[in-house]
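Peer 1: Sequence and predicted model, in that order:
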Amino acid sequence: MTHRELCIKAAKYLRNQGIQPFHRCVYVVCELERVGECPDAFGWGGWTTQLIEVKISRSDFLSDKCKRWRKEPEHGLGMFRSYLCPEGLINPNEIPDNWGLLYANERGKITKIVEPQKQDSNNGEELMLVTSILRREGIKYGVYSYKKYKALTNKEKL
């Protein structure tokens, strides 16, 4: 499987079930190019944010440890984080503290090997990521009011 194919599988996994039990993601983005951490699959909904990092080679996995948000996890994205790789590429004892591990077999079926644990995440970066998605999707900047009143004066209208 290619990196792209596994990223799409990761995004669907977040949407359909999530890496945090009983908390599938309502919104998911796949391979978002941005300044800072560029998640392979990132999702949110309810009270959680979840990240899946896809690795298809040992060298890619080993170089991932050098990134700032891996050395200082509080700067990373996702309250819950997991690696997704082909079966056996990453050993469970090699993953960072609190991370989960998912294996994909040759047909793309994903199996959870290690359950991720909640960790601090960079809420500011997560908000910037969501804002970036809203902008890319054409949501205009503005003030939004969803409370309905019987009648508004011209002065009260936004």
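Peer 2: Nice, thanks for sending it over.
Peer 1: list the contacts for Arg34?
Peer 2: Contacts for Arg34 (CB atoms under 8 Å, 6 or more residues apart in numbering) come out as Met128, Leu129, Ser132. Placement of C-beta: from N, CA and C, glycine included.
Peer 1: Looking at those, which are in helices?
Peer 2: Met128, Leu129, Ser132 (DSSP state H).
Peer 1: out of these, which are buried?
Peer 2: The neighbour-count test (16 or more other CB atoms under 10 Å) marks Leu129 as buried among the ones in helices among the contacts of Arg34.
Peer 1: Columns distance to Lys55 and pLDDT on top of the contacts of Arg34, output as CSV?
Peer 2: Output for these, formatted as CSV (distance: CB to CB, whole Å; pLDDT from 0 to 100):
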residue, distance to Lys55, pLDDT
Met128, 25, 90
Leu129, 21, 90
Ser132, 24, 88
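Peer 1: now, which of those sits nearest Gln50?
Peer 2: For these, the residue nearest Gln50 by CB to CB is Leu129; the value is 12.6 Å.
Peer 1: The residue nearest in space to the middle of the chain in helix, strand or coil?
Peer 2: Most central in the chain under CA atoms, centre = their mean is Phe42, positioned 1.8 Å from the mean C-alpha point. Following DSSP: H, G, I helix; E, B strand; the rest coil, we place Phe42 in the strand state.
Peer 1: The protein: strands as residue ranges?
Peer 2: With strands called from DSSP state E, the chain shows them at 27-30, 41-45, 48-54, 80-86, 100-104, 110-114.
Peer 1: could those go into CSV alongside mean pLDDT and distance to Lys9?
Peer 2: Shown next, in CSV, are the strands of the chain (pLDDT from 0 to 100; distance: least, CB to CB, whole Å):
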stretch, mean pLDDT, distance to Lys9
strand 27-30, 94, 10
strand 41-45, 94, 9
strand 48-54, 96, 8
strand 80-86, 97, 7
strand 100-104, 98, 6
strand 110-114, 97, 6
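Peer 1: can you tell which of those strands is closest to Cys66?
Peer 2: Judged by CB to CB, the one of the strands of the chain that comes nearest to Cys66 is strand 48-54, at 13.5 Å.
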